[in-house]
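**Q** predicted model follows, preceded by the sequence.
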Amino acid sequence: MAPRGIRNNNPGNIRRSATKWQGLANVQGDPDFCTFTAPKWGLRAIARLMLTYSNQHGLQTIRGLVGRWAPESENNTPAYVTAVALGVGVDPDADIDVDQASVMLPLVKAIILHENGENPFADAMILEAVHLAGVADAKPPPLTTQHSFQAQVGASVAVIGAAGAHLGQYAPTVKNWAGQLSGFTGAPIIQHAVTILLTVGGGLTLVGIASQILKQRTA
């Protein structure tokens, strides 16, 4: 059976309170911990609390954040601090900026792992939740980046097409020369090679034209 936090879509095991979290389920079946309608809302709640601890309470270190998140009255806080600091890759007393996705992502992942003994959530889902919490740079690359890559591929293919066309323009000369060798036993082989040359040259030219169209559409 999945851990309690995973079953509740609440991987941070956030306790029930008067807070009206986004994504809270209408029916709260667990007597102690919140139940969310989907994992992203429970993940978002973790990130929101980390932002609140940092921005409103001035907690800028793993020791400070985890000390408030998991007080010693209920947890082995020193062990929790050590585990999360290792997950984030920083000293427990080093200043961190939780308003950056590069910090918040590993922080949330480390909390999930410590609370549940596992982390079944993909980074993309956690980043979506972190973005919902208000961390501005926690989002996938813009489409312009993907278009730029496609345009670069199209440009590369266009170069190949141009090379093919350049190669193909010499084929008629070679074909004419081969025709003059009609009495030579190897003439059919040469004619066949020239046909391939014309086909490849023309085909690559068409590919080059198509790639130029692709560039115009994706720029």
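**A** Structure's in. What do you need? Residues are numbered from 1 along each chain as shown.

**Q** show me where the protein has strands.
**A** Counting by DSSP state E, the chain has no strands to list.

**Q** tell me how it divides into domains.
**A** Domain assignment for the chain, taken from automatic domain parsing, gives 4-133, 143-218.

**Q** which of those domains has the lowest average pLDDT?
**A** Ranked by mean pLDDT, the domains of the chain bottom out at domain 143-218, with a mean of 51.

**Q** contacts only, for the closest residue to Gly23 other than its chain neighbours.
**A** The spatial neighbour of Gly23 that comes closest, neighbours along the chain excluded (C-beta to C-beta, 6 or more residues apart in numbering), is Trp41 at 2.5 Å. Just so you know, the C-beta spots here come from the backbone N, C-alpha and C atoms, and that holds for glycine as well. Listed by C-beta atoms under 8 Å, 6 or more residues apart in numbering, the contact partners of Trp41 are 9, 21-24, 129.

**Q** same check on Leu105?
**A** 123, 126-127, 130, 138.

**Q** ok, and the most crowded of those?
**A** Counting neighbours by other C-beta atoms under 10 Å, the top entry in the contacts of Leu105 is Val130, with 30 neighbours.

**Q** for the contacts of Leu105, which one is nearest Leu59?
**A** Set against Leu59, the nearest of the contacts of Leu105 by C-beta to C-beta is Val130 (17.7 Å).

**Q** excluding its backbone neighbours, what's nearest the closest one?
**A** Nearest one to Val130, counting by C-beta to C-beta, 6+ apart, is Ala138 at 4.0 Å.

**Q** looking at it, the one you found is touching Met125, isn't it?
**A** No. Judged on C-beta atoms under 8 Å, Ala138 makes no contact with Met125 at a distance of 11.4 Å.

**Q** gap between the nearest residue to Asn116 once chain neighbours are set aside and His114?
**A** Of all residues not flanking Asn116 in the chain, Pro3 sits nearest, at 4.1 Å (C-beta to C-beta, 6+ apart). Distance, Pro3 to His114, by C-beta to C-beta, to the nearest Å: 11 Å.

**Q** cool, Arg48 as well?
**A** 18 Å.

**Q** now Glu74
**A** 13 Å.

**Q** which of the two has more neighbours?
**A** His114 (21 against 8).

**Q** please verify my assumption that that one contacts Ala83.
**A** Yes. At 4.9 Å, His114 counts as touching Ala83 under the criterion of C-beta under 8 Å.

**Q** so what's the residue count around the closest residue to Arg16 other than its chain neighbours?
**A** Excluding the flanking residues, the one nearest Arg16 by C-beta to C-beta, 6+ apart is Cys34, at 5.5 Å. By other C-beta under 10 Å, the residues close to Cys34 number 24.
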